[in-house]
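Colleague: Give me a model of this one.
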Amino acid sequence: MTDMSHDFEVLAERADDYGALWAARTFRRFLSGSQSLPDRWPGTLGEARRVVATFATRAGFVDRERLASIVLCAAETTWAARE
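Modeller: Numbering: from 1, shown residues only. You can find the predicted model right below:
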């Protein structure tokens with residue numbers, strides 16, 4: 001039997017990492033395309049859900065929603081700290 005809280009903590013750490021990586025990649029994409037950077041993070045919760053779908057396929061709906069919020073928050077935080 002696995003410890004579900006431990007499993008979620010592992011997924012939450014991964015979500016945090018994926019959110020930061022998503023923001024960094026988006027930042028580089030804007031720069032390489034010579035586009036002006038938006039002041040606020042341009043990503044959406046729907047996009048964060050798609051990120052979660054890449055690594056948390058066995059998680060339940062509620063946990064996936066929580067993970068998507070973590071991904072989005074990490075991306076927003078990374079984006080805000082880019083300067």
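Colleague: low-scoring stretches of the chain, by residue?
Modeller: Scanning the chain for pLDDT under 70 picks out the ranges 1-4, 83.
Colleague: Next, work out how far apart residue 61 and residue 52 are.
Modeller: Distance, residue 61 to residue 52, by CB to CB, to the nearest Å: 11 Å. Bear in mind the C-beta positions are built from the backbone N, C-alpha and C, glycine included.
Colleague: Helix or strand: which one has residue 39?
Modeller: Under the criterion DSSP states H and E, no helix or strand holds residue 39.
Colleague: Need phi/psi at it.
Modeller: With angles defined as degrees, to the nearest 10, residue 39 sits at phi -70, psi -40.
Colleague: Any figure for the gap between it and residue 79?
Modeller: From residue 39 to residue 79 the distance is 9 Å (CB to CB).
Colleague: Settle it for me: which of those two has more neighbours?
Modeller: Neighbour count, other CB atoms under 10 Å: between residue 39 and residue 79, residue 79 has more, with 23 against 8.
Colleague: Would you pull up how far stretch 64-77 lies from the middle of the chain?
Modeller: In terms of CA atoms, centre = their mean, to the nearest Å, the centre of stretch 64-77 is found 5 Å from the chain centre.
Colleague: Now do that stretch: everything it contacts.
Modeller: Residues external to stretch 64-77 that are found in contact with it (CB atoms under 8 Å, 6 or more residues apart in numbering): 8, 11-12, 15-20, 22-23, 26, 40-41, 43-45, 48-49, 51-53, 56, 59.
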